[in-house]
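Chemist: next input, structure requested:
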Amino acid sequence: MTTLWDTTGSEVVKALSAERRAAGALAFGLALTLVVVVDEKHVSEAEGAATLAASAHPCRLLIVVRRQIESPHPRLDAEVSIGGRLGPGEAVVMRMSGRLALHAESVVLPLLAPDAPVVTWWHDEPPTRIAYDPLGVFADRRVTDVTATPDPLSALFQRAADFAPGDTDLSWTRLTPWRTLLAAAFDTVSDQPDSAVITTGRANPSAQLFAGWLQNKLDIPVTVEEIGTRPDITKVTVSLGGSELAIARTDSRTAKISRSGYPDRVLPLPSRGVGELLAEELRRLDDDEVFGEALGTWSGLPHLGARSPHREHIWRDPMDKSVTVASTVPPSGSAPQAGATSSAGSTPPVGLSGSTARSDRPAAAPTGPGSAATDTSKAGGA
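Modeler: Numbering: from 1, shown residues only. Predicted coordinates:
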């Protein structure tokens, strides 16, 4: 492991090359570059999750820690390792202070694994628009988590407004076990479903996406009932004419499947950590079309998957208080309150607009608050 204090991007590149030579470069076949964006408070959590994901998917792990951007003195400290505490692959942890933190791509771009797709994951509140962050613009896949925001449902609306193919959110990944169980249960169902009810805690974005997915696939009305303070989904019930099919969580590892006229069954429904969720997202590097359909159905924004997958970097200085950032929020009354019920997709948001942009990798960092970093070299698709 090599530790560099108050260094430069060029020195980090040299240190990584030296580590690779010492370890034997041919020993590593990198499938992708994973860029992790995190603040100092959550570095330990992000490192643990990224290490778990990287152990399942050989990658070059680049962790960008943005801190003290108001500092007048830009500074870069880096830790470079191969086969160290961050897993068997290549890893670089970069702590950036001052204005350098706003131009992290100037250090990250030379470190990307050649001819490999790029995945950017924000283990923090995602940017209002991904085009504001060049670390998202040059990525082929972009992973956010709206549960890290103060208002997850408003943030989920914003993800729909800002959606481009290649985007996904961990609130959708958390649904995989539920969707798997429900899809398997329907293998033996011949009756036509006519409605569904999802029981969950307050302001759960996963439950809203679940409702969007069910409504999109079954073409039935879906109601989300917010009961209690428990944040996760506790039950989903599908009405089948005169009978019912229900899946109810019994504990953190199992769920009970009930169907009228049949004995109950207990099947695995494990709760998963962030590392496992991230590892699942790294298994596929193409666009998640089903997520786009579910998000579009819930938000009322049609044809999200038909948007351009490319983004163009929009330079915004977060230290410039004269610049107003417009935040997209759901219309009044559309986000259900605790104990209320809402029908997925029944109240389409108004005033939402998505941006068609370009995910070209910028050639260089912008030089001032009024500049925009763009490039004509297309990022490699996955």
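Chemist: any buried residues in stretch 221-240, and which?
Modeler: Using 16 or more other C-beta atoms under 10 Å as the test for burial, stretch 221-240 gives 221-226, 233-240. C-beta coordinates here come from the backbone N, C-alpha and C atoms, glycine included.
Chemist: and that stretch, average pLDDT?
Modeler: Per-region confidence: stretch 221-240 scores 90 on mean pLDDT.
Chemist: how far does it sit from its chain's centre?
Modeler: For stretch 221-240, the distance between its averaged C-alpha position and the chain's averaged C-alpha position is 23 Å (C-alpha atoms, centre = their mean, to the nearest Å).
Chemist: and if you look at stretch 300-313?
Modeler: With C-alpha atoms, centre = their mean as the basis, the distance from the averaged C-alpha position of stretch 300-313 to the chain average is 16 Å.
Chemist: returning to what we had before: which two in the buried residues of stretch 221-240 are spaced the farthest apart?
Modeler: Glu226 and Leu240 (24.1 Å; C-beta to C-beta).
Chemist: and the most far-flung residue of the chain relative to its centre, how far is that from Pro177?
Modeler: Ranked by distance from the centre of the chain (C-alpha atoms, centre = their mean), the top residue is Gly261, with 40.3 Å. Between Gly261 and Pro177 the distance is 25 Å, computed by C-beta to C-beta, to the nearest Å.
Chemist: circling back to that earlier point, specify which member of the buried residues of stretch 221-240 is nearest to Thr51.
Modeler: Using C-beta to C-beta, Ile233 is the member of the buried residues of stretch 221-240 that lies nearest Thr51, at 28.0 Å.
Chemist: that closest one bridge partners, please.
Modeler: Under the criterion DSSP bridges, Ile233 forms beta bridges with Thr200.
Chemist: so it sits right up against Thr199, yeah?
Modeler: Yes - counting by C-beta atoms under 8 Å, Ile233 sits close enough to Thr199 to count as a contact (7.2 Å).
Chemist: low pLDDT regions in this protein?
Modeler: Scanning the chain for pLDDT under 70 picks out the ranges 24-28, 318-382.
Chemist: ranges for the helices of it?
Modeler: If DSSP state H is used as the criterion, the helices of the chain fall at 9-23, 43-56, 105-108, 134-137, 152-161, 170-173, 176-185, 205-218, 274-282, 289-299.
Chemist: most tightly packed of those?
Modeler: helix 134-137 (a mean of 27; mean count of other C-beta atoms under 10 Å).
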